[in-house]
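Q: Next comes the sequence, and after it the predicted model I'd like to discuss.
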Amino acid sequence: MSEPEKACSPIVWCVGGSDSSGGAGITRDLATLADLGVHGCAIVTLVSAQSHYAMTSSKAMQLSLINEQWQVLAAEALPLCIKIGAIANDAQAKVLSTRIEMLSVPRPLIVWDPVLFSSSKGALSNLSKDVIKQLLRVVDLVTPNTHELASLAGIFIDSEIDNAFETKSEIKSEVKNNRDVRHAAKTLINSGAKSVLVKGGHARWQHNATDTYFTDSEEIAFSQPRVHHSELRGTGCMQASAIAAFVAKGYSIIDALTLANAYVKNVRDVSSSSYSQSSLTGSRQSVPQVPRLAGFPTNRDAFPTVAFIKSGAFNSVDGCKTESDVFDKHHNERREKPFLPLSHTKRGIYPVVDSADWIEKLLPTGVETIQLRIKEDISPWDKARISKEIQRAVALTKSTSCQLFINDHWQLAIEHGAYGVHLGQEDLFTADIDAIRKAGLRLGVSTHGYAEIQRVKSLAPSYIALGHIFATKTKDMPSQPQGIDRLKHYVDLCGGIPTVAIGGINKNRCKAVADTGATHIAVVTAITEAPCPHAAYHTLQKEAGFVE
Ligand SMILES: Cc1ncc(COP(=O)(O)OP(=O)(O)O)c(N)n1
Ligand SMILES: Cc1ncsc1CCOP(=O)(O)O
């Protein structure tokens, strides 16, 4: 399944150096963008003479030429994203920082891959502490590996010491474990960086390769099985360009990080398999491994495990008891203990209602899955009344085959023996997931894109809800509607786990939704605001093709 074509490609600017081997730098950025259906423009900062194994020289572009490249592009159209790679010197860095600061709001998202050295063993840039500090503060996302993170954080640690003792210090930040990663990343954030993605490829102490994304309020880990002995160069350039490409295509930053991680995994896989193929056929004579194109990632096995670490829960570095695998330990444990599957495998319309009366009203339709969703901010009920309502809903459905899910109130759902619980993303930080599973209740969880789906898959829930598909008046949504094309990808990504599509679905839209393969279609107003809710339920079932 390929990604839908848009009428015109989004634009990303790449600022960086050319690598004559095509393995990295702006050469690789442009190939990555083209592979992902994004038009790349180039602002060349330096030209390097490089092969896959050595760099013999590198020459900086004149400042006037950097300025002119920027100006001529800006006069035509501003991009949705700017990816910055190697910057040759302080003067270039200052021009770029000033240019970025002058961009009017809403400005493009700026991603800086802080390439200080080339993997073919040569220095590409020689930036002073002050310009690095300035750059860190003007960009939106910086993507260091652990060596680069140590150098960047060292700058701030050095200057704290410089300020305190008024002496020059050689002290460097050390990054030798996950605790150091967090400490160094938080140093950058506390010094004004907006967000940091620390790449785990060089973090040999990690069992998996874990990229960790930090903002002042979030920490999200993306893990892949570690690749040992990779000869592929330019993966950092590819990853940062892919992030820029996905943001330019309208994905949220955390989905862009998830997709870019999967993209690089695919490039690695196709590149190494064609490389080993060439060795088998004898066509390889000390030929370097070159990156192959991989396109939009659609294969489930390329996607990372995603773990959201609640901000605050680990905000003190000492809060991490085990320095390793804080990031994915719980997720791996849970994957081995799946939730019970749904009892009905038949696809169907899934009404979401706010009272036991509605459940009573709809049961005669033969509805097989229903949700009681009581929102306290809508009706200020006290806990005792909510408890009674849940108890009544459970009693109504007990002797039927209808699967009753209780939204949010998982303790009451357990207490009253409901069939299942439906939770949102925030609830996952607070609910006792193990208690729900041990009590034998099913679990459904809401998601709003790639990162959350990958997070939730690790819980092995009974279903994954995907939303919101279309604009809805029922709930204020902070995210954009997903649309049918993305829904198709999400259903595929969920693999064998049943899916529920929700948000703005009515009788005219449910056929297209059902065609994506979503197992269930959840609706609120298409039933609750219909003149005849029974008839509406049957029409939706029919239009979706769930019944003859
Ligand atoms: C089937 C289904 N899907 C999504 C939701 C939304 O749940 P959540 O994100 O917890 O938001 P609220 O419903 O609590 O507003 C749902 N209820 N059911
Ligand atoms: C609870 C919820 N979660 C995502 S969209 C939504 C509301 C869906 O209501 P409607 O079917 O009326 O658009």
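A: Structure's in. What do you need? Ligands and ions are numbered 1, 2, ... in the order given.

Q: centre of the chain versus stretch 262-278, how much separation?
A: Centroid separation between stretch 262-278 and its chain, computed with CA atoms, centre = their mean, to the nearest Å, is 22 Å.

Q: Can you list the neighbours in contact with that stretch?
A: For stretch 262-278, the external contacting residues (CB atoms under 8 Å, 6 or more residues apart in numbering) are 32, 36, 224, 227, 230-232, 235, 238-239, 242, 284, 287, 289-297, 299, 302-304. Heads up, the C-betas are built off the backbone N, CA and C, glycines and all.

Q: Tell me the spacing between the closest residue to ligand 1 within the stretch 151-300 of the chain and Ile11.
A: Closest to ligand 1 within the stretch 151-300 of the chain is Ser252: 15.5 Å, counting by CB to the nearest ligand atom. Distance, Ser252 to Ile11, using CB to CB, to the nearest Å: 19 Å.

Q: For the stretch 401-548 of the chain, what lies in contact range of ligand 1?
A: Within the stretch 401-548 of the chain, the positions lying close to ligand 1 (CB under 6 Å from any ligand atom) are Asn407, Asp408, His422, Gly424, Gly444, Ser446, Ala465, Gly467, Lys475, Val500, Ile502, Ala522.

Q: Report the buried members of these.
A: The neighbour count (16 or more other CB atoms under 10 Å) marks Asn407, Asp408, His422, Gly444, Ser446, Ala465, Gly467, Val500, Ile502, Ala522 as buried among these.

Q: touching ligand 2 at all, the strand or helix carrying Ile464?
A: Element membership of Ile464, judged by DSSP states H and E, is strand 463-466. No: using CB under 6 Å from any ligand atom, strand 463-466 stays clear of ligand 2, with a minimum separation of 7.5 Å.

Q: helices and strands around that strand, which ones?
A: Secondary-structure packing of strand 463-466 (3 or more CB pairs under 8 Å, 6 or more residues apart in numbering; DSSP states H and E): strand 442-447, helix 450-457, helix 483-493, strand 499-502.

Q: could you dump those to CSV with mean pLDDT?
A: Formatted as CSV, the helices and strands packed on strand 463-466 follow (pLDDT from 0 to 100):
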stretch, mean pLDDT
strand 442-447, 98
helix 450-457, 96
helix 483-493, 98
strand 499-502, 98
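
Q: Can you pull the poorly scored residue ranges out of this structure?
A: For the chain, the stretches with pLDDT under 70 are 1-7, 116-124, 158-172, 274-287, 310-336, 377-381.

Q: Close to ligand 1: what parts of it are there?
A: Taking CB under 6 Å from any ligand atom as the contact definition, the chain meets ligand 1 at 352, 371, 373, 407-408, 422, 424, 444, 446, 465, 467, 475, 500, 502, 522.

Q: change it to 5 Å
A: Within the chain, the positions lying close to ligand 1 (CB under 5 Å from any ligand atom) are Asn407, Gly424, Ser446, Ala465, Val500, Ile502, Ala522.

Q: Longest strand in the chain, please.
A: In the chain, assigned by DSSP state E, the strand with the most residues is strand 39-50.

Q: same for that strand, what does it pack against?
A: Packed against strand 39-50 by the contact rule (3+ CB pairs under 8 Å, 6+ apart) you find strand 11-19, helix 25-35, strand 55-60, helix 63-76.

Q: could the ones you listed be laid out in a markdown table, adding mean neighbour count?
A: What follows is the helices and strands packed on strand 39-50, written out as a markdown table (neighbours: other CB atoms under 10 Å):
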| stretch | mean neighbour count |
| --- | --- |
| strand 11-19 | 26 |
| helix 25-35 | 24 |
| strand 55-60 | 15 |
| helix 63-76 | 14 |
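
Q: Out of the ones you listed, which is closest to ligand 2?
A: Nearest to ligand 2, of all the helices and strands packed on strand 39-50, is strand 11-19, at 31.0 Å by CB to the nearest ligand atom.

Q: Counting by contacts, list what the closest one packs against.
A: By 3+ CB pairs under 8 Å, 6+ apart, strand 11-19 packs against helix 25-35, strand 39-50, strand 81-84, helix 235-248.

Q: Specify the angle between the second one and strand 11-19 in degrees.
A: In terms of direction (axes from the mean of the first three to the mean of the last three CA atoms, to 10 degrees), strand 39-50 departs from strand 11-19 by 10 degrees.
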